[in-house]
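Peer 1: sequence unknown, structure follows:
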């Protein structure tokens, strides 16, 4: 894929975000992209190929958004980054001019997506690459229900250190209190059945709360109080903090919270205020 | 190695193809290079150091070929890419001017090969770097025997997903039929003992055959019919297809064919037409 | 981190030395940096973030030295490279102008160290980034005691092949003899209690010695004679040689000396002359 890109646009700067997404794990790819894309220069082309449906009917797609471009299979990989900004264009990559001359049935990363990403980096407009695609596949909304007296979310990612990131964000410190500015997928439970959460934007979150008084329930454990950093507890102790992407995170200092609390992707996490 | 290269040619573009070749596995390095080199820009310098014989009598070498340059130990790593094209020059890297001032006995990647690759990228002619080397080490030819009624090959690679690539290629779809344009190491069994296969080039392959009627035998299993892509079968099902480098490949959709069929490097694979 | 760097200095060349330092293993990070830094172009900015104390009281630091710059947490990571050269400036990175606008409590690699490294690469003087820091944290000196009749060191690193690098260096071949030019942390045992080894520089080493007559004791084994390279013994045999950074190394040809001799970081290694 990199050879193909450099053959088209020799001055491209190539950065690997991750090669460690487990095979076919679209949801983890979506999370990794969500947690990193905003730190790249404006106009960056993000190429993500986790592609269990390669060669089948899933469509190849490209997205133009305020933060830059996204290129890959239409399987939900871009759900989270698209929910966070006003997408400008979505196209199905069907123009053969922006593919390799011979397209295999099993490696579209090399034959379809790498050339598309390279031509975007070289300045070809996304509209030239295919037809508008109004209905991209989206992953289920990550669970995040807000109410006056608490928050219910779920495990969104467990990293290689065993730190557990939840859907509960964006949290910001303000003195000893925490403010919650909910991310795109936040839902108020009383509006859930009415399905209103897509129509009127993210719901109002609970007001600021005392970090020391919040109780977090996860994996059968209750942890009282949010800390600022790992160094606030002793080695081996469980803590809850605001992680590096502004989400509530459960960790064990110099240990693995994933193992200690038995937490896995999708497990519920609750905050009682 | 990368520090050494950038010190000599700061504008070099460095791409890692793989750091996951098992120690001393020259044959796997040769396969990875064969499966990727043609996708890089013309003139690319390929630097490959799988080097069990470092410090011994194995020679350091550089190759100039139509696709670009190859630099590394003379242990067969370049056998497959050299078999596929008309090599223009092969030299033993013996000119001390294109090495680091102090050459260790254990890390020629850094002290000999990285400087040579950098100077080639900087435009130094390969002939300036050493003496012609007429007799590079070559790996055994991968097995591929062609006849009117069938093909016998072997497992050439098992990737991290468990997909099994065979020596049987190049296969190309033409409607419902497959054409076989044999790769450099194809042999006709009736010419095998006469040793003619080196002299008169690749033998004539069998004619086009119906993909649906071909039977593939591997690891004690028989699979009838070649598919176009993973999505043609259900998750967990074994299939045979034309892989991303045009070779016959055995796979399990969202699973590991290597494990399911117990296939390893060198195991025989047969196609009955 | 790479996105942050390229956003500040788009023309930066980014090289990964390693992503395989075990979590929190500052000593291994210090070793890897020590074994590689001198091969990078002068002025290179080395960014190393092994950071068990992130968010706590450990300080963020930058170093200017003849070989280039070092940026990371003040936890000893730079001990070995600082011991090998005359450091010119050490500052605590406290100027908010050279950080991201929002600094998390858990990922200073992205929010503090990547911006600092980028601004250094862009030409901002190190003195502009913070206040002088006279007392950086240092790791314990690696053990290396020199005497007329022998040398006592310890295991400094075990690589992924199982090759065991010791603190005993710099060794250089001179015909059949070896010269020892001791590294920065060498100590003469008779001066040990007087604590003189910091004041008068590295002590005089023993004179040149016959490689064939030296006896190396490690992990309950005795190996007589130093070899030049792996190829001097048969596959599976234990050998002692001068490794790629000029230190005494214990290896098994096409095998793992770490496993065979049960050697781990800090285990003693003795040379009897």
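Peer 2: Thanks, I have the structure now. Every value quoted in this text rests on a predicted model; they were computed, and no experiment measured them. Numbering: from 1, shown residues only, chains lettered A, B, ... in the order given.

Peer 1: ranges for the strands of the stretch 101-250 of chain A?
Peer 2: A:130-132, A:144-147, A:150-158, A:164-166, A:171-174, A:177-180, A:209-210, A:215-218, A:221-224, A:238-242, A:248-252 (DSSP state E, counting those that start in this stretch).

Peer 1: could these be laid out in TSV, adding mean pLDDT, mean neighbour count and distance to chain B?
Peer 2: Just so you know, the C-beta spots here come from the backbone N, C-alpha and C atoms, and that holds for glycine as well. Formatted as TSV, the strands of the stretch 101-250 of chain A follow (pLDDT from 0 to 100; neighbours: other C-beta atoms under 10 Å in any protein chain shown; distance: least, C-beta to the nearest C-beta, whole Å):
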stretch	mean pLDDT	mean neighbour count	distance to chain B
strand A:130-132	97	14	20
strand A:144-147	89	21	29
strand A:150-158	94	22	21
strand A:164-166	97	26	26
strand A:171-174	92	15	36
strand A:177-180	92	18	38
strand A:209-210	92	16	43
strand A:215-218	97	19	30
strand A:221-224	96	13	34
strand A:238-242	96	22	33
strand A:248-252	97	26	29
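
Peer 1: and the ones you listed: which comes nearest residue B:210?
Peer 2: strand A:130-132 (33.7 Å; C-beta to C-beta).

Peer 1: now the closest one, how far from the centre of its chain.
Peer 2: Taking C-alpha atoms, centre = their mean, to the nearest Å, one finds strand A:130-132 lying 25 Å from the centre of the chain it belongs to.

Peer 1: list the neighbouring strands of that strand plus their orientation.
Peer 2: Here strand A:130-132 has these sheet partners by DSSP bridges: strand A:89-93 (antiparallel).

Peer 1: which parts of the partner strand are buried?
Peer 2: A:90, A:91, A:92, A:93 (16 or more other C-beta atoms under 10 Å in any protein chain shown).

Peer 1: what of stretch A:2-9?
Peer 2: Residues of stretch A:2-9 classed as buried by neighbour count (16+ other C-beta under 10 Å): A:2, A:3, A:4, A:5, A:6, A:7, A:8, A:9.

Peer 1: rounded mean pLDDT for that stretch, please.
Peer 2: The pLDDT scores in stretch A:2-9 average 98.

Peer 1: looking at the buried residues of stretch A:2-9, which are in helices?
Peer 2: The members of these that map onto helices under DSSP state H are A:2, A:3, A:4, A:5, A:6, A:7, A:8.

Peer 1: what about the third one, distance to residue A:47?
Peer 2: Put plainly, it is residue A:4. Applying C-beta to C-beta, to the nearest Å, the value for residue A:4 to residue A:47 is 11 Å.

Peer 1: any common contacting residues for these two?
Peer 2: residue A:114 (C-beta atoms under 8 Å, 6 or more residues apart in numbering or on different chains).

Peer 1: got the contact list for the closest residue to residue A:41 other than its chain neighbours?
Peer 2: Closest residue to residue A:41 apart from its sequence neighbours, by C-beta to C-beta, 6 or more residues apart in numbering or on different chains: residue C:7 at 4.4 Å. Neighbour list for residue C:7: A:39, A:40, A:41, C:118 [criterion: C-beta under 8 Å, 6+ apart].

Peer 1: repeat that for residue A:111.
Peer 2: A:99, A:100, A:102, A:103, A:104, B:244.

Peer 1: check those and tell me the two furthest apart.
Peer 2: Within the contacts of residue A:111, two members stand farthest from each other by C-beta to C-beta: A:99 and B:244, at 14.0 Å.

Peer 1: whichever residue of the stretch 101-250 of chain A sits closest to chain B and residue A:32, how far apart?
Peer 2: In the stretch 101-250 of chain A, the residue that lies nearest chain B is residue A:107 (3.4 Å; C-beta to the nearest C-beta). In this view, residue A:107 and residue A:32 are 21 Å apart by C-beta to C-beta.

Peer 1: got it, and residue A:233?
Peer 2: Relative to residue A:32, and taking C-beta to C-beta, residue A:233 is found at 27 Å.

Peer 1: who's more crowded, the two?
Peer 2: residue A:32 (21 against 16; other C-beta atoms under 10 Å in any protein chain shown).

Peer 1: would you list the phi and psi of that one?
Peer 2: phi -60, psi -40 (degrees, to the nearest 10).

Peer 1: surely it and residue A:22 touch.
Peer 2: No. Residue A:32 is beyond contact range of residue A:22, at 11.4 Å (criterion: C-beta atoms under 8 Å).

Peer 1: if we can go back for a sec, of the contacts of residue C:7, which pair is most distant in space?
Peer 2: A:40 and C:118 (13.2 Å).

Peer 1: show me which residues of the stretch 1-150 of chain A sit near chain B.
Peer 2: A:1-4, A:6-7, A:10, A:14, A:23-24, A:52-57, A:104-107, A:110-111 (C-beta under 8 Å from any C-beta of the partner chain).
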